[in-house]
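Student: sequence unavailable; structure follows:
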């Protein structure tokens, strides 16, 4: 997929530790159309590419809007955008991709955790435009860290948005079990945010017996994984027959790169799916937030940026 050169038209402090970047094509032409839930790859520099959801009105293709949270554990993405990218600078981005599309439903429940509001807000605006039945729950640490607060409160659907702040009293906290107590076959759930928030919503829905196909997720960062029991394993490259050992402290991607075999990577957390590789033999230890349970059960592909092996060896289609 070819890249697009864009100019940073505006860089606005949207909330504490969150900047919004308005991007427009450097040639003045319209940008490719997109739908609610879509994201773009942003090439922050030669070695860092990150995914950011588009959060502007999808009918306005003269610009894209992304919201970027400064991650305290940033590996060069959010910190570079916050500290080194200014209005007037140019960036390269991909065309929009959508792994988190809206489906037609009688009712839609939207759950946003922190900066996960970016695709969720775009969905809310789309649902409001088509007069669909929905409600949105937006959870943040505090009102100061709540992006798009004014935009939401001034919207036509503000009465359908419920804010939940960690610093607020118990009466305004998210009562998730009560909301999801009764599974509704014609209602779809969408959730986006940090890994822990995703797990909370998806886990509660599963415990309440919601159908898996009615629960849709997109994650900003994988949940922590216990690596204390990690063991070394071998990988074989099918095209050459060569074997490599992956120690507990290294990833498959790192070991392959050290041996001159490059796999495209982006998030390095099993969130974006950029590095997906076919598995011809062996059983992966899936640690991604990308595949569905059904896809994981097939064990025919995995994310080598973070996933490992349950068997002593994996044969990869490389």
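Tutor: Nice, I can see it. In this text the structure is predicted, and so the values were computed from the model without any measurement. Residues are numbered from 1 along each chain as shown.
Student: could you report the neighbour count for the closest residue to residue 64 other than its chain neighbours?
Tutor: Excluding the flanking residues, the one nearest residue 64 by C-beta to C-beta, 6 or more residues apart in numbering is residue 23, at 4.6 Å. The C-beta positions use only the backbone N, C-alpha and C, and glycine is treated the same way. When neighbours are counted by other C-beta atoms under 10 Å, residue 23 registers 25.
Student: mind checking the SS state of residue 150?
Tutor: helix (DSSP: H, G, I helix; E, B strand; the rest coil).
Student: just the pLDDT for it.
Tutor: Listed pLDDT for residue 150 reads 96.
Student: quick one: residues contacting it.
Tutor: Contacts for residue 150 (C-beta atoms under 8 Å, 6 or more residues apart in numbering) come out as none.
Student: pLDDT weak spots in the stretch 51-200 of the chain?
Tutor: Scanning the stretch 51-200 of the chain for pLDDT under 70 picks out 73-76.
Student: now do the strands in it.
Tutor: Taking DSSP state E, counting those that start in this stretch as the test, the strands found in the stretch 51-200 of the chain are 64-69, 90-93, 107-113, 133-140, 161-165, 187-193.
Student: reformat those as CSV; add mean neighbour count and distance to residue 40.
Tutor: Formatted as CSV, the strands of the stretch 51-200 of the chain follow (neighbours: other C-beta atoms under 10 Å; distance: least, C-beta to C-beta, whole Å):
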stretch, mean neighbour count, distance to residue 40
strand 64-69, 24, 7
strand 90-93, 16, 5
strand 107-113, 23, 19
strand 133-140, 21, 23
strand 161-165, 17, 25
strand 187-193, 24, 15
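Student: mind putting the ones you listed into CSV with distance to residue 273?
Tutor: Formatted as CSV, the strands of the stretch 51-200 of the chain follow (distance: least, C-beta to C-beta, whole Å):
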stretch, distance to residue 273
strand 64-69, 19
strand 90-93, 17
strand 107-113, 20
strand 133-140, 25
strand 161-165, 30
strand 187-193, 15
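Student: what's the burial count for residue 231?
Tutor: 12.
Student: skipping its backbone neighbours, what lies nearest it in space?
Tutor: Per C-beta to C-beta, 6+ apart, closest to residue 231 is residue 248, 6.4 Å.
Student: helix, strand or coil for the one you found?
Tutor: In three-state terms, and counting by three-state DSSP, residue 248 is coil.
Student: residues in contact with it?
Tutor: 227, 230-232.
Student: what do you get for residue 163?
Tutor: Contacts of residue 163 by C-beta under 8 Å, 6+ apart are 138, 140, 143, 146, 172.
Student: specify the beta-bridge partners of the second one.
Tutor: Okay, so that is residue 140. With DSSP bridges as the criterion, residue 140 is bridged to residue 165.
Student: quick check: it touching residue 168?
Tutor: No: at 9.8 Å, residue 140 does not count as touching residue 168 under the criterion of C-beta atoms under 8 Å.
Student: quick one: the helices in the stretch 151-300 of the chain?
Tutor: Along the stretch 151-300 of the chain, counting by DSSP state H, counting those that start in this stretch, helices occupy 176-179, 195-207, 252-258, 293-298.
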